[in-house]
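K.L.:
would you be able to build a 3D model of this:
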Amino acid sequence: YTSSIMATIPDSNWSKDRLMGKSVSFKGAINQDGTTTVTSPAGSKQRHDHKEKIDPMLWGRPGHLSEEEADIYMKFKDEVESRGGDFKKTVYCFGEEEGEVWALCRWLRARKFVYQDVITMVEEATQCRADAKAADFYPDPKAALGCDMSVYFAQYPQLYSGFAKNGSPLFISKPGVLNVDAIECITTLTGIVKFHWYIMMHDFACRLRSHKEKDPHFKKFECVCVLDLAHLTMSQLSQRALAIVKEQSAIDSLCFPETMNKMYIINGPRFFGATWSLIKGWLDPRTANKIEVISNRKTWEKALLEYVDEDQLPSDYGGKGPDTQQTIEKEYYSGKLKRMHTEVIYLRGSNSTKYDIGAGEELQVSVYTRSVSGAKFTLVEASSKHAAPWVSDVVLTHTGTGDTEEPPSHKTLNDTPIKGPASVKVTIDAIGSRWSTQNMLVVFSVLNP
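P.N.:
From the prediction side, this is the model:
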C-alpha cells in the first residue's frame, strides 16, 4: 500500500508541508528507501519536531526537512528555474527524470542547506563540466581513452554489477590491482578524466534512468559502492596512482554530489586500518555512517548480502550473480574477443613472454608504449626452435617525446590472427640504449574464429 502511494506522488512542485512530511493531503513520511510510512496527525507532528535528533541518514531527504530547510529549498528551486540553461542542466546532471525534489535535495545536502554555498557549488560545477559538455561528455569511450575499454579495465577493474535492495546500482572498484605502469602505457590522465565523464553521463546516468523507467518506486539516483583493496601494497599508493583517484573523486564530489548511498571498503591490508581510524574522525557522522570497513571475508559477505540480493551480488563476492570478470567481458568485450591477457614488459636490452591458445582459437598480439627509442618484436612458436616466425622484426617506436600527457603509441604485431593450438612467444629487442628501462604493455587478445 505504501509503495503504491509513493509511486503516485509527483517528483516536482512539493509544498513546504510535504517537504517537511506533514502535508494535509498526504500524511506520510518519506523513508530512506523512497517508500512511505503513513502516520496519524499526532505522530506526524511528533516526527517533525526538529528539536529532536533525527536519523542522520534521513537528514535533508524529501519529507524530512526542517522549516528552515524547506524555505531554503523553495528559494533554491526558484533560482534554478530563473537561471535555467547550463545552471539548471548542472543541477539535473542525470536528466530531469531524476525528479525535481530528489535532485535539488542532493545539492542542498552537499552544502548542508547553506544557500550561498549551494549556489557557489553549482556555479563551480557548471564551469568544471563546461569542456566535457561541449564534447557531449565524450560518447565514444575508445576515443576518450585512446584504447579499448577491455584493455583499460584489465589494468583497473571497475564495473557496475546488479542492483542493491534499495534499487541503487552496485558499483565495484578494485584499486588494489591497479597497474599504474600499464595504465601509463595505454592512456593519459586527461584520457582517464574524459573516460570518467563518459562513465558518469553515458553509463551510470543511463542505468539510473532505465531503472526508474522500469521501477517508478526508485527515487534516489545513488549507487552502492564496494571498494576492494585486496592486494593493495604501500608501494601502490604512489603519486601517480593517487592522481587517478583524486581526479575522479574531484569530479564526483563537485559535479555529482550525494550519489554515494553506501560504501563497503573490504579486504583492507593491515596498514589501512590505522589510516581509516584517522580519516573517519574527520568525516561528519552522516558520511561516516555510509561507510563500513570490513577485512574479514565472512563478515563482509554477510554485510553485502544484507544490502544486496543474492542473485544481484557477483559470485566472487559471496552471491550467485555472474562473477566480476564475466560482467566485464559481457559489457566491454566486443567483436570476436573471447578473453585477454596483458603483461607489462620492463625492457632493458631484450626480453620475452609467451601465451598459449587452444584448438579453435585465434590470437592477435598488440603492444602499447611510450618508448621513444623503441623495440623490435618477433612472434614465434615457443615449442619449436626451427619453425618460421609468424612475424619478425616489427618495429614500434613512440612518435612523441615521452611526456605522460601525450597519447602513447600502439601497434598490432600480426594482422593475420595466429590459429591455435599454439604457444606464442614474443621476443623483444630494444633499439636504443640497453642501460635504460622501457615499459611495454603486451596484449594477447584471444579471438573466436
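
K.L.:
from Leu229, how far out is the spatially closest residue to Ile183 that is not a sequence neighbour?
P.N.:
For Ile183, ignoring the flanking residues on the chain, the nearest one in space by C-beta to C-beta, 6 or more residues apart in numbering is Gln155 at 5.2 Å. The C-beta positions use only the backbone N, C-alpha and C, and glycine is treated the same way. Distance of Gln155 to Leu229, computed by C-beta to C-beta, to the nearest Å: 17 Å.

K.L.:
what's the pLDDT at Ala243?
P.N.:
Reading off the confidence values, Ala243 has pLDDT 85.

K.L.:
so it lies in a helix, does it not?
P.N.:
Yes: checked against DSSP: H, G, I helix; E, B strand; the rest coil, Ala243 lies within a helix.

K.L.:
list the buried residues in stretch 109-123.
P.N.:
109-111, 113, 118-119, 121-122 (16 or more other C-beta atoms under 10 Å).

K.L.:
kindly apply the preceding question to stretch 181-201 instead.
P.N.:
For stretch 181-201, burial by neighbour count (16+ other C-beta under 10 Å) applies to 182-189, 191-201.

K.L.:
just the ones in helices from these, please.
P.N.:
Cross-referencing those against helices under DSSP state H gives 182-186, 189, 191-198.

K.L.:
low pLDDT regions in the stretch 151-300 of the chain?
P.N.:
Along the stretch 151-300 of the chain, the model assigns pLDDT under 70 to residues 275, 278-279, 281-284.

K.L.:
so which residues of the stretch 301-449 of the chain form helices?
P.N.:
Ranges of helices within the stretch 301-449 of the chain are 324-332, based on DSSP state H, counting those that start in this stretch.

K.L.:
and Gly321, what does it touch?
P.N.:
Residues in contact with Gly321, defined by C-beta atoms under 8 Å, 6 or more residues apart in numbering, are 161-162, 310-315.

K.L.:
try 7 Å this time
P.N.:
Going by C-beta atoms under 7 Å, 6 or more residues apart in numbering, Gly321 touches 161-162, 311-315.

K.L.:
among those, which ones are in strands?
P.N.:
161-162 (DSSP state E).

K.L.:
can I have the buried ones of the contacts of Gly321 as a ChimeraX selection?
P.N.:
A single ChimeraX command is used to select the members of the contacts of Gly321 judged buried by 16+ other C-beta under 10 Å:
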select :161,162,312,313,314
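
K.L.:
from the contacts of Gly321, which is closest to Ala288?
P.N.:
Nearest to Ala288 among the contacts of Gly321: Leu313, at 24.1 Å, using C-beta to C-beta.

K.L.:
now that closest one: how far from Val365?
P.N.:
Leu313 is 36 Å from Val365, by C-beta to C-beta.

K.L.:
for the contacts of Gly321, give me a markdown table that also has distance to Tyr332.
P.N.:
Listed next are these as a markdown table, based on distance: C-beta to C-beta, whole Å:
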| residue | distance to Tyr332 |
| --- | --- |
| Ser161 | 12 |
| Gly162 | 16 |
| Asp311 | 22 |
| Gln312 | 19 |
| Leu313 | 20 |
| Pro314 | 15 |
| Ser315 | 19 |
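
K.L.:
which other helices and strands does the particular helix or strand that has Leu104 in it contact?
P.N.:
Using DSSP states H and E, the element containing Leu104 is helix 100-110. When contacts are defined as 3 or more C-beta pairs under 7 Å, 6 or more residues apart in numbering; DSSP states H and E, helix 100-110 sits against helix 67-83, helix 85-91, helix 115-128.
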